[in-house]
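Asks: from the sequence below, what's the structure:
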Amino acid sequence: MFPGMPSASRRRALGAAAAVLVVLGLLAWWLVPFGRTSPSGELTFSTGSRSGVYQRYGVLLEKALTEEMPGVGIELRTSEGSQQNLARLASGEADFTIATADAVATYQRDGLPGADRLRGCARLYDDYVHLIVPRSSPVKSVADLRGKVVGVGQPGSGVRLVADRLMTAAGLDPRNDITPVPAGIDSMPGRLETGGLDAFFWSGGLPTTTVRELSERFEIRLVPLEPELVGRIHATGGSTSYYRSAVMPADAYLAAQGGVPVPTVAVANLLVTTDRADPALTEGFTRAVIDSRDRIGQTVHPAQLVDLRTAVYTEPLPLHEGARRYYRSAKP
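Replies: Numbers count the residues shown, from 1 in each chain. Okay, here's the model as predicted:
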């Protein structure tokens, strides 16, 4: 190498070449961090009802996922909600989904197929339970629903789960003391307006666009869900421990609340997958969720509450290894 060149010059040339190789190696490491791989293939993300927060969040998240993992094809599937989402994961019909922590815990408690394979990726935002009635309604509490026609959410939804538990805690039989209507947020507001429902339950992030729009065209009221109801639900044990007392801020639905905060019940939403999911895919999915928070939050406001500091707490589910990799890499 370097024929005819004096030995001292050869040494300097070799040293310079070695330095260039080191710089190129460091540059390559910086551009493609060690351990990062770009996954490929297809994934199905099960969301929620067409007018609900899960679906709107999923549509916006799809863009972030495509940017983070350009080699992965994304399919969004609407669903009835948390309970159906978990069943789809367990059966392999979906790869990722969103579900409330109480629905996850109930799925585990009941020992349903694939319960032991569920894994958490991130704690997202809290759902707030809404009990909505016309402003002129005599209903002032959950107990006042006796004899009423009530929208209780679709059978596979988290709404149905918490609505039944709230009515039971208030001393009602959810099947016999009311006329339950198994409908979703896409149809319940219209039925309330036309008199087809006396009330309906909804559980979603704040504000839920469909509820806000209803409040701006039709006079509605949010029925308080007092803290003692949560205490009665907790007393039944098991998966009910994931409910907490909360307050719906006065400005969540200005037209409905008149500037007054409303006591309610809240439960965390989780991004869920299974132990079958590829770690690189799960790491990329989790990164896209956290990194897109502010952008998505401009449209779907609950997304603004996704926080790296709390996202790692996915109880009752253990973290998926891919999500764990992301949180390790994201440490300051």
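Asks: what is the mean pLDDT for the lengthiest strand in the chain?
Replies: For the chain, the strand with the greatest residue count under DSSP state E is strand 118-134. Mean pLDDT, computed over strand 118-134, is 97.
Asks: ok, now stretch 316-331?
Replies: 95.
Asks: and it, what's buried?
Replies: Pro316, Leu317, Leu319, His320, Gly322, Ala323, Arg324, Arg325, Tyr326, Tyr327 (16 or more other Cβ atoms under 10 Å). The way it works is simple: take the backbone N, C-alpha and C, and place the C-beta from them, glycine included.
Asks: go on, stretch 57-67?
Replies: Quick answer for stretch 57-67 (16+ other Cβ under 10 Å): Tyr57, Gly58, Leu60, Leu61, Glu62, Ala64, Leu65.
Asks: pick out whichever of those sits closest to Arg165.
Replies: Ranked by distance to Arg165 (Cβ to Cβ), the buried residues of stretch 57-67 are led by Tyr57 at 24.5 Å.
Asks: that closest one against His301, yeah?
Replies: No - counting by Cβ atoms under 8 Å, Tyr57 sits too far from His301 to count as a contact (10.4 Å).
Asks: can you classify Ile74 by secondary structure?
Replies: With DSSP: H, G, I helix; E, B strand; the rest coil as the basis, Ile74 sits in strand.
Asks: contacts only, for it.
Replies: Applying Cβ atoms under 8 Å, 6 or more residues apart in numbering, we find Ile74 in contact with Glu42, Leu43, Phe45, Glu62, Leu65, Thr66.
Asks: would CSV of the residues you listed with distance to Ser203 and pLDDT be doable?
Replies: Compiled in CSV, the contacts of Ile74 are given as follows (distance: Cβ to Cβ, whole Å; pLDDT from 0 to 100):
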residue, distance to Ser203, pLDDT
Glu42, 30, 95
Leu43, 26, 96
Phe45, 20, 98
Glu62, 23, 95
Leu65, 25, 96
Thr66, 29, 95
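Asks: which of the residues you listed sits closest to Leu197?
Replies: Nearest member of the contacts of Ile74 to Leu197, counting by Cβ to Cβ, is Phe45, at 30.5 Å.
Asks: and the closest one, which of the three is it?
Replies: strand.
Asks: once you drop chain neighbours, what's closest to Gln108?
Replies: Ala115 (4.8 Å; Cβ to Cβ, 6 or more residues apart in numbering).
Asks: before we move on, what about Arg276?
Replies: Ranked by Cβ to Cβ, 6+ apart and with sequence neighbours excluded, the top spatial neighbour of Arg276 is Arg117, at 6.9 Å.
Asks: Asp275 now?
Replies: In space, and not counting its chain neighbours, Asp275 is closest to Arg117: 5.0 Å by Cβ to Cβ, 6+ apart.
Asks: surely the one you found meets Thr273?
Replies: No - assessed by Cβ under 8 Å, Arg117 is found out of contact with Thr273, at 9.4 Å.
Asks: more crowded one of the two?
Replies: Neighbours were counted for Arg117 and for Thr273 using other Cβ atoms under 10 Å; Thr273 has more, 27 against 14.
Asks: let me see the contact set for that one.
Replies: Per Cβ under 8 Å, 6+ apart, neighbours of Thr273: Leu89, Asp95, Phe96, Thr97, Leu118, Arg119, Cys121, Thr282, Phe285, His320.
Asks: what helix or strand is Ile228 on?
Replies: You called it Ile, but residue 228 is Glu. If you go by DSSP states H and E, Glu228 is part of helix 227-234.
Asks: identify each buried residue in that helix, please.
Replies: Leu229, Val230, Ile233.
Asks: packing partners of it?
Replies: helix 158-169, strand 244-248, strand 262-274 (3 or more Cβ pairs under 8 Å, 6 or more residues apart in numbering; DSSP states H and E).
Asks: quick one: closest of these to Asp102.
Replies: Once the helices and strands packed on helix 227-234 are compared by Cβ to Cβ, strand 262-274 is nearest, at 5.2 Å.
Asks: so which bits of the following helix or strand past the closest one are buried?
Replies: Following strand 262-274 in sequence order, the next helix or strand is helix 279-291 (DSSP H and E). Buried residues in helix 279-291, counted by 16+ other Cβ under 10 Å: Pro279, Ala280, Leu281, Thr282, Glu283, Gly284, Phe285, Thr286, Arg287, Ala288, Val289, Ile290.
Asks: how about the last one, what does it touch?
Replies: This points to Ile290. Ile290 neighbours (Cβ under 8 Å, 6+ apart): Ala122, Val306, Leu308, Ala311, Tyr326, Ala330.
Asks: which residue, other than its chain neighbours, is closest to the fourth one?
Replies: Pointing back at Ala311 there. Using Cβ to Cβ, 6+ apart, the closest residue to Ala311 is Ala122 (4.2 Å).
Asks: lovely, talk soon.
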